[in-house]
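> what's the 3D shape of this:
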Amino acid sequence: MASMRPLLTTPPTRSGGPRRFPLRTILLMVLALLAFARFWWITHHDRPPPPRAVTGSQLPHAPIPVRPLAPGEQR
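Numbering: from 1, shown residues only. Model (predicted):
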């Protein structure tokens, strides 16, 4: 049987050993972290509500008077 070379899945680095992660993987991980941070900020950041224009019909009204029921009046 002929001697077999070991499989190299990543190119060697300057120091001669294989890299732990390829550059493309590192860039994709950083991009995923940035996307996660942006989406988290959008969904969890409290924005102040826009100011509402109050018209005459939206002003607070006086409470409606309520007549209490007598003990014998049950509905």
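
> Could you use CA atoms for every contact and neighbour count after this?
Will do.

> need the helices for this protein, in chain order.
23-44 (DSSP state H).

> Show me where the chain dips below the pLDDT cut-off.
1-2, 6-19, 54-59, 73-75 (pLDDT under 70).

> Tell me where it has strands.
Remark: no strands are assigned in the chain by DSSP state E.

> Could you check how many residues crowd around residue 44?
Around residue 44 there are 8 other residues, counting by other C-alpha atoms under 10 Å.

> and it, how far is that from residue 36?
According to C-alpha to C-alpha, to the nearest Å, residue 44 and residue 36 sit 12 Å apart.

> repeat for residue 65
53 Å.

> who has more neighbours, the two?
Just comparing residue 65 and residue 36: by other C-alpha under 10 Å the higher neighbour count belongs to residue 36, 12 against 6.

> Residue 24 - how many residues pack around it?
Neighbour tally, residue 24, other C-alpha under 10 Å: 9.
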